Each structure stands twice: as structure tokens, then as C-alpha cells.
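J.: Fold the following and give me the result.
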Amino acid sequence: MKKMQYLAAGLIAAMIVPAAAQAQTREIREDRREVREERREYRDALRYGDRGDIREERREYNDARRDLRDSQRDWRRDKRYQHYRAPFRYQSFRIGTTLRPAYYAPAYRPAWDSRWGVPRAGRNLVYVRHYNDLLLVNVRSGKVIRLYRNHFRWR
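T.: Okay, here's the model as predicted:
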């Protein structure tokens with residue numbers, strides 16, 4: 001009976017963590033949309049409004065930008081997104097370099113995501129995150145096939 005309770009608790013936790021991560025990225029998307037809307041309203045106030053309208057719209061625009069910065073800061077500080085830091089220091093790789101298996105261990109293989117703007121990895125190929133770089137590595141030989149420098153830089 002205890003085993004079933006632990007199993008159920010583990011399954012519930014596994015379902016909640018991705019939902020929380022999606023909620024954070026959704027919040028950032030909404031904050032970006034709000035910044036765009038406030039910028040548009042501020043420009044309209046500059047064109048057609050009086051001094052009071054301009055002051056109010058500038059204040060709202062700055063508040064929206066501050067909210068976006070806070071959301072992005074919270075997202076970066078979340079420990080779930082910092083697992084890519086390797087126990088070895090940064091090294092700049094080139095195409096054709098052979099990596100040790102520790103560099104392309106499963107812990108450094110992020111799941112493919114269409115938002116990255118890179119094609120899916122083919123057979124025997126995996127994407128590996130090395131600090132801010134994204135490497136496409138052949139698992140059999142350990143050779144770097146494709147290299148995307150600064151692909152994960154914070155915006």
C-alpha cells in the first residue's frame with residue numbers, strides 16, 4: 001500500500017513540474033505582448049495626446065517593461081533551467097571534434113524543441129548543450145556534426 005502511495009505521489013509531481021514550467025513561459029509571452037501594446041499606446045499618446053496622457057502612458061509602458069524583466073529574471077533563477085552547467089569548464093568546440101562520452105551524457109541532452117529553430121536530430125545524432133552552445137553530436141563516434149554558438153544566450 002505504501003508503495004502505491006509513493007508511486008501516485010511521484011506521478012503527480014511529474015505532471016505538476018512541466019505545468020509550472022509552461023506557466024512561467026506563458027507569463028513571459030503575455031508580458032511581451034503587454035509591452036508591445038503599451039509601446040503602441042505610448043506612441044499614440046505622443047502623436048495625439050496631451051501632456052497628461054503622455055505621462056500616464058509612459059508610466060504604464062515602464063511598468064510593463066519592469067514586469068517583463070522581473071518575469072525573465074524569475075525564469076532564469078529557476079533551478080530547473082540551470083541543469084545544463086557541466087562539471088567541467090567551458091571549451092570551444094569545432095565541427096569534427098571528437099568528444100568524450102561525458103560531454104554527451106543524457107544529462108546534457110535537452111529534448112528537441114521547435115522554438116530553437118534547428119531541425120530534428122537524425123538517426124544516431126543528438127543535440128547536446130554545452131553552456132550556451134548547442135552541438136549536434138554523432139553518438140556512435142562522438143564527433144561534432146553541427147555547431148550553434150551562443151544558441152542559449154539569455155535575451
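J.: okay, residue 148: pLDDT?
T.: pLDDT, the model's per-residue confidence, is 90 for residue 148.
J.: By mean pLDDT, point me to the weakest helix or strand of the chain.
T.: Among the helices and strands of the chain, helix 2-48 carries the lowest confidence by mean pLDDT, DSSP states H and E, at a mean of 74.
J.: Follow the chain on from it and name the next helix or strand.
T.: helix 51-77 (DSSP states H and E).
J.: list the helices and strands the next helix or strand after that next one packs on?
T.: Moving toward the C-terminus from helix 51-77, the first helix or strand encountered (DSSP H and E) is strand 125-130. Where contact means 3 or more C-beta pairs under 8 Å, 6 or more residues apart in numbering; DSSP states H and E, strand 125-130 is packed against strand 133-138. (Glycine included, C-beta is placed from N, CA and C.)
J.: tell me what the strand it packs on is packed against?
T.: Of the remaining helices and strands, those touching strand 133-138 by 3+ C-beta pairs under 8 Å, 6+ apart are strand 125-130, strand 144-148.
J.: could you dump those strands to CSV with mean neighbour count?
T.: Shown next, in CSV, are the helices and strands packed on strand 133-138 (neighbours: other C-beta atoms under 10 Å):
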stretch, mean neighbour count
strand 125-130, 20
strand 144-148, 17
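J.: Now the residue of the chain most remote from its centre: phi and psi?
T.: When each C-alpha in the chain is compared with the mean C-alpha position (C-alpha atoms, centre = their mean), residue 50 comes out farthest, at 40.6 Å. Main-chain dihedrals, residue 50, degrees, to the nearest 10: phi -90, psi -180.
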